[in-house]
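Participant: Sequence first, then the predicted structure:
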Amino acid sequence: MSHESRHFLDRANLRPVPARTVHTVGARVPAGAVTLAAEVRNLTDNQVADLWGYPLPGRAAFLSIDIDFSLSGD
């Protein structure tokens, strides 16, 4: 979970960017030389902006497979 309090876009504090909370969840499953991973960012699909007012991405899902091809027996 990432939470940031309210920011302002100008020095006079007249243009606020509201506070935001973004949830991320993920899991990794090692299985010998192969590791499977899954992650979902911005789980609740909050429509938020960064410090400069640009919109941040909505919900995003990632899957990965990591294969260890090392020749050692470890």
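Facilitator: Great, that's in hand.

Participant: mind listing what residue 20 touches?
Facilitator: Listed by Cβ atoms under 8 Å, 6 or more residues apart in numbering, the contact set of residue 20 reads 3, 4, 46, 48, 49, 56. (Glycine included, C-beta is placed from N, CA and C.)

Participant: and the fifth one, how many neighbours does it have?
Facilitator: It refers to residue 49. 14 (other Cβ atoms under 10 Å).

Participant: Most neighbours among the contacts of residue 20, which one?
Facilitator: Neighbour max across those (other Cβ under 10 Å) = residue 48, 16 neighbours.

Participant: Please report phi then psi for that residue.
Facilitator: phi -120, psi 170 (degrees, to the nearest 10).

Participant: and the contacts of residue 20, which of them are in helices?
Facilitator: The subset of the contacts of residue 20 located in helices under the criterion DSSP state H is empty.

Participant: And these, which two are furthest apart?
Facilitator: 3 and 49 (14.6 Å; Cβ to Cβ).

Participant: quick one, strands of this protein?
Facilitator: 2-4, 7-8, 16-17, 20-22, 24-31, 34-41, 60-67 (DSSP state E).

Participant: quick one on the thing from earlier: which of the contacts of residue 20 sits closest to residue 16?
Facilitator: Within the contacts of residue 20, proximity to residue 16 (Cβ to Cβ) peaks at residue 49, which comes in at 10.5 Å.

Participant: before we move on, the earlier item: what would the contacts of residue 20 look like in a markdown table with distance to residue 62?
Facilitator: Below are those laid out as a markdown table (distance: Cβ to Cβ, whole Å):
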| residue | distance to residue 62 |
| --- | --- |
| 3 | 22 |
| 4 | 22 |
| 46 | 18 |
| 48 | 19 |
| 49 | 22 |
| 56 | 16 |
